[in-house]
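[1] Could you work out the structure for the sequence below:
(one chain, ligands or ions: 2)
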Amino acid sequence: MIVLSPSILTADFGNLQEEVEKAVRGGCDWLHLDIMDGHFVPNITIGPMIVKALRRYAAIPFDVHLMVENPDGLLKLYADAGADIVTVHQEASGCRHLHRTIQHIKELGLKAGCAVNPGTPVELLEPVLMDLDMVLIMTVNPGFGGQSFIPSTLHKIARLRAMAEKWKPDLLIQVDGGINAATCESVIQAGANVLVVGSAIFDGVDPEGNVRKYKALLERRED
Ligand SMILES: O=C(CO)[C@@H](O)[C@H](O)COP(=O)(O)O
Ligand SMILES: [Fe+2]
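    Ligands and ions are numbered 1, 2, ... in the order given. Presented below is the predicted three-dimensional model:
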């Protein structure tokens, strides 16, 4: 099964409750929450208080993507806020002891993910692959919604799928950035099974209908 995890980054932030409710009504599987600290990436978004507030309007897994330099001190805050899956970045300065950070996430009872930017070889994650539940292959450079998919990331997805066969066959492979109707088939073919879709869903027009459209597209290809 391919998981659809809409990113609220391009949603109407003045109306987040309604935006989240629309995605849920459309039938999305997870909700992707982008946390940016203004250091790891130039942008600043939301923190645990907003995650906790949104938790009341969605009984689906919360997929928290931490684009922050020092995640360790924040992990408990996101666990308490209602996160289910927490993904840190391999490149973050506070992830020098990545194995320890992954253990910390799991000790909090959460699923652990690690993300790699387009310029980072996915092979760097091989030593921790069996400890991870999910790897996030960034298919744009992190920081902003609405960017174009970077085609060279397809090779990384395929290499990761091959590595996972050896170390962690049930690894979730998530892709994030520029995923839309034109790019989703190629990432699935390469081995991705969790799709983050941001601006193609939260387009200011019909997020609920867009979720339905993507779910129908994914279900059709499974038949
Ligand atoms: O993590 C990020 C951006 O850094 C993403 O989750 C984006 O929000 C995806 O948005 P689109 O590329 O789908 O518009
Ligand atoms: Fe993201």
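[2] quick one, helices of this protein?
    Using DSSP state H, the helices of the chain run over residues 16-26, 48-55, 75-81, 98-107, 153-167, 184-190, 207-222.
[3] Could you export those helices as TSV, including mean pLDDT, mean neighbour count and distance to Glu123?
    Every residue, glycine included, has its C-beta placed from N, CA and C. Putting those into TSV (pLDDT from 0 to 100; neighbours: other Cβ atoms under 10 Å; distance: least, Cβ to Cβ, whole Å) gives the following:
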stretch	mean pLDDT	mean neighbour count	distance to Glu123
helix 16-26	98	19	34
helix 48-55	98	16	32
helix 75-81	98	18	26
helix 98-107	98	17	14
helix 153-167	98	17	7
helix 184-190	98	17	16
helix 207-222	96	16	29
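[4] Need the ones you listed in JSON lines (columns: distance to ligand 2).
    What follows is those, written out as JSON lines (distance: least, Cβ to the ion, whole Å):
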{"stretch": "helix 16-26", "distance to ligand 2": "15"}
{"stretch": "helix 48-55", "distance to ligand 2": "14"}
{"stretch": "helix 75-81", "distance to ligand 2": "14"}
{"stretch": "helix 98-107", "distance to ligand 2": "16"}
{"stretch": "helix 153-167", "distance to ligand 2": "14"}
{"stretch": "helix 184-190", "distance to ligand 2": "14"}
{"stretch": "helix 207-222", "distance to ligand 2": "16"}
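[5] Format those as a markdown table; extra columns: distance to ligand 1.
    As requested, the helices of the chain are exported to a markdown table (distance: least, Cβ to the nearest ligand atom, whole Å):
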| stretch | distance to ligand 1 |
| --- | --- |
| helix 16-26 | 13 |
| helix 48-55 | 14 |
| helix 75-81 | 15 |
| helix 98-107 | 18 |
| helix 153-167 | 12 |
| helix 184-190 | 11 |
| helix 207-222 | 11 |
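[6] Turn these into a markdown table, including distance to Leu9.
    Supplementary listing: those in a markdown table, determined by distance: least, Cβ to Cβ, whole Å:
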| stretch | distance to Leu9 |
| --- | --- |
| helix 16-26 | 11 |
| helix 48-55 | 12 |
| helix 75-81 | 17 |
| helix 98-107 | 22 |
| helix 153-167 | 18 |
| helix 184-190 | 18 |
| helix 207-222 | 12 |
